[in-house]
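> Requesting a structural model of the entry that follows:
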Amino acid sequence: MDLRTRIAFADGHVRGSFNIGVDGEFATYLGWLIPWGTPVTPLGASPERVAEAQGELVRIGIDQLQGAAFGSPRDWTDEPRASHPRAPFADLAQVRHHRPVTVLDVGRNDEHTAS
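Numbers count the residues shown, from 1 in each chain. Modelled structure (predicted):
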């Protein structure tokens, strides 16, 4: 589980990892996403971020980690890193003229209500 920001994750991450930034509702989201007993290995930019994540995980009953690492993706694996292309939302209209695009809105209901 990559603890870095979603932008850092998109720019390059360990294949097969997923991103939940340690800011915000980190432990709640992780608790929703993984089945109980799934081995967890936090990957963070610094030892402090990994320790922060570990403290949050204890609150939801995950008190033993599979492992932990800090640094950057090139420190965590020798395999080629994966990435996700990013673009401003305003560019979507331009891209849609050239090819089919699927938009997945992952906002919560309360976020839609507030906007």
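> make it CA atoms for all contacts and neighbour counts henceforth
Noted.
> contacting residues for the residue minimising distance to the centre of the chain?
Centroid check for the chain by CA atoms, centre = their mean gives Asn19 as the closest residue, at 1.2 Å. Residues near Asn19 by CA atoms under 8 Å, 6 or more residues apart in numbering: 1-6, 9.
> Just the buried residues of those.
1-4, 9 (16 or more other CA atoms under 10 Å).
> follow-up on the earlier one: distance of the residue nearest to the centre of the chain from Val95?
Separation of Asn19 from Val95 (CA to CA, to the nearest Å) stands at 26 Å.
> Same question for Ser46.
For Ser46, the distance to Val95 equals 37 Å [CA to CA].
> okay, these two: which has more neighbours?
Ser46 (15 against 11; other CA atoms under 10 Å).
> Is the more buried one in contact with Asp75, as I believe?
No. In this structure, Ser46 is not within contact of Asp75 by CA atoms under 8 Å, at 11.9 Å.
> Many thanks, have a good one.
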